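Asks: got a predicted structure here, sequence first:
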Amino acid sequence: MSFVREEVTVGDKTVIVETGKWAKQAGGSILMRLGDTLVLVTATGSQEPRDMPFLPLTCEYKEKAYSAGHIPGGFFKREGRPGEQETLACRLMDRPVRPLFPDGWRIDTQLIAQVLSFDGVNPSEVLAITGGSAALMLSDLVFDGPIAATRVGYVGGKLIAFPTFEQLEESSLNMIVAASRDAITMVEGGMDEVSESLLIDALMFAHESVQPLIDVQLKLQAAVGRPKREFESPKPDDSVYAKVKQLGWGRVKEATAVREKHERYAALSTVGAGIIEELCAEGKSLHERDGEVKGAYSRLKKEYQRTQTIKEGKRIDGRKHDEIRNISCEAGVLPSVHGSAVFTRGETQVMAAVTLGTAQDEQRLDTLRSRDERKKFMLHYNFLPFCTGEAKPLRGTSRREIGHGFLAERSVRRVLPNHDDFPYTIRIVSEVLESNGSSSMGTVCSASLALMDGGVPLKAPIAGIAMGLMKEGDEYAVLSDILGDEDHIGDMDFKVTGTREGVTALQMDIKVSGLTREILEKALNQARDGRLHILDEMQKTLAAPRDDLSPNAPRIVTIKIKPDKIRDIIGPGGKTIRAIVEQTGAQIDIEDDGSVNIASANSRGLQQAIDLIKGLTLEPEVGQFYSGIVKRCADFGAFVEILPGTDGLCHISELDNGRTNKVTDVCEEGDEMIVKVINVDRDGKIRLSRREAFDANPDEVNHFVS
């Protein structure tokens, strides 16, 4: 294969696409470059098809530590299993290309993206999406591409393509969009309560921006692409389908009218078994083709359900297009946790549990951008087999669970309080108890309620809704709160989360072309109406965060000290801070800027730790009253410790109102004494007075020494 290098301008960025130099034995190989970030993407397929009922496509995304000048942590010092960000990138590669393989494609197909160089300026995962499409276009694999992707930001009132990490920090929009020549095919992103109109502008901007990347793939294919394999999708026998439709249309209509999911499935299964039995009994030829009869029956169910939805305006469960299923909410359902809630919408039910922790509970991440990135908010999503009435082995967290959890996490993160104002590490665990349509959006709703139940001061309640689209020619139906079946037979599913003010996250997977601005506007506006309805229902249970944190949660108080005083708290070899922790039971975290976070579930221990730390770091103030301990008596006065390690002299003339003959007539070593600071000289020597403290108000006395 000849070496080809093309430069593509997208906005003010230059993307370089190369092929024919590296990995030439792969089916297709592409090197994508943006700045000094390089991603190598290969596409390879097996020679023979597999006997299986689905497309065997795998997408892998690998971040090489050397690309950022790192050596991996741990004992083995090599890259291991994919991290969460790598798994999410795999899903981004998979979703836009999977629908573009022909029906019946059973060739093992594998896309592998490897980050070979990472400049810390330009994100790499979006390059893997375009690179995957380009590698497929150059290979002999049959693929209805190309598609290309860009990330979209919104900075200073302007939409930008391929924003840098620095630009994303200022951006109110962070969205990855994949598109073909004619249509948007995939969207994934988070935003700061932006309007639906801005979202549509961003989508249209992204579609226009990727067109040069579409052009370059076609140019490369024409220049060095391999001839495509001969492949023809299996064509069903229309005569078989006609017989199935004649026998089954009325029966499917009757079975579909059953509202409850499992009962409807059972009714449809009974109808299918009856049709197969009747047709296969007609002769040996059909009996040998019972798989084709089953396929025709699946086609019949899909045709009937789409027809009644689009043309008759009646959905599978009898709802109108914009109708939301019944909603019920509970808060405070788990007595021992820091916050909990259950959100039920139709046959989807999700429980969320909130745990509040300290800085010691933060997740430490070793990423290409940072060797010690700290994550203060985590949302973990669990989808166990029982929630759909199935029995399956548990094999660890799936890619789907990671993806759904990240969508909910990205949504909720936008409404959390600033860490400076609420210095907790927050973990939410979502337990899906039942599922029939968008448990990820149920997770967003239950998480919002659980956070408010725990007293977390959210900026605003948040909710999510799953939407669908069915389109036949010029006719289409936008569906609110879709069922699992509607997701399966539909042409688009998208999930929108947000507050009453705007959208915080958006995810779309689109299977059809011709998605106009008009359809997008209708879909997003209908989603907003549904989201507001869900928020209204949630508000009936809990309208705002509770006034106080759960009694089970630790209390965290932040005090500021001078950075040069940090050593006084830590002490030699950590001796001082360990002693405070042992004495009070509090947890203490000190940051470089002098912020000291003190956490304890025991209010007495919390206050004791606060007093001790203040005593170690505060400087005595003239005019303030202190309760101190007499450390030594001399002929001329008493030395009193008013702060830990800080003594002052109370002269014999300041011990009492009258004349004092001997210091020991007034006090002995170890006595507690209330004194007033009357002077601090340039050398730091402190002069105290007992007689001026006789009338001190108890509330004015500082207690830092015990």
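Replies: Noted; the coordinates are in hand.
Asks: verify the contact between Asp547 and Gly454 for me.
Replies: No. In this structure Asp547 lies outside contact range of Gly454 using C-beta atoms under 8 Å: 11.9 Å. (C-beta placed from N, C-alpha, C; glycine too.)
Asks: distance of Thr309 from Gly468?
Replies: 9 Å (C-beta to C-beta, to the nearest Å).
Asks: common neighbours of the two, please.
Replies: 479, 486 (C-beta atoms under 8 Å, 6 or more residues apart in numbering).
Asks: neighbour count: those two, which is higher?
Replies: Gly468 (26 against 22; other C-beta atoms under 10 Å).
Asks: state which helix of the protein is the longest.
Replies: Identified as the longest helix of the chain according to DSSP state H is helix 517-539.
Asks: that helix packs against which elements?
Replies: Judged by 3 or more C-beta pairs under 8 Å, 6 or more residues apart in numbering; DSSP states H and E, helix 517-539 is in contact with helix 196-209, strand 327-331, helix 439-453, strand 463-472, strand 475-480, strand 492-498.
Asks: Throw these into a markdown table and include distance to Lys631, thanks.
Replies: Converted to a markdown table, the helices and strands packed on helix 517-539 look like this (distance: least, C-beta to C-beta, whole Å):
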| stretch | distance to Lys631 |
| --- | --- |
| helix 196-209 | 67 |
| strand 327-331 | 54 |
| helix 439-453 | 49 |
| strand 463-472 | 62 |
| strand 475-480 | 74 |
| strand 492-498 | 61 |
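Asks: let me know which of these is the nearest to Ile642.
Replies: Closest of those to Ile642 is helix 439-453, at 43.1 Å (criterion: C-beta to C-beta).
Asks: got the angle between that closest one and strand 492-498?
Replies: Helix 439-453 runs at 10 degrees relative to strand 492-498, counting by axes from the mean of the first three to the mean of the last three C-alpha atoms, to 10 degrees.
Asks: surely Glu409 is within a strand?
Replies: No. Under DSSP: H, G, I helix; E, B strand; the rest coil, Glu409 sits outside any strand and is assigned helix.
Asks: could you report the neighbour count for it?
Replies: By the criterion of other C-beta under 10 Å, Glu409 has 23 neighbours.
Asks: ditto for Ala638
Replies: 29.
Asks: with Glu86 instead?
Replies: Neighbour count of Glu86, defined by other C-beta under 10 Å: 19.
Asks: nearest spatial neighbour of it, chain-adjacent residues omitted?
Replies: Using C-beta to C-beta, 6 or more residues apart in numbering and skipping residues adjacent in sequence, the residue nearest Glu86 is Tyr61, 5.1 Å away.
Asks: break the chain into its domains for me.
Replies: 4-224, 238-310, 327-539, 555-617, 625-703 (automatic domain parsing).
Asks: so which helix or strand takes in the residue nearest to Glu86?
Replies: According to DSSP states H and E, Tyr61 maps onto strand 57-63.
Asks: just the buried residues of that strand, please?
Replies: Using 16 or more other C-beta atoms under 10 Å as the test for burial, strand 57-63 gives 57, 59-63.
Asks: ok, which pair from these is furthest apart?
Replies: Comparing all pairs in the buried residues of strand 57-63 by C-beta to C-beta, the longest separation belongs to Leu57 and Glu63, at 21.1 Å.
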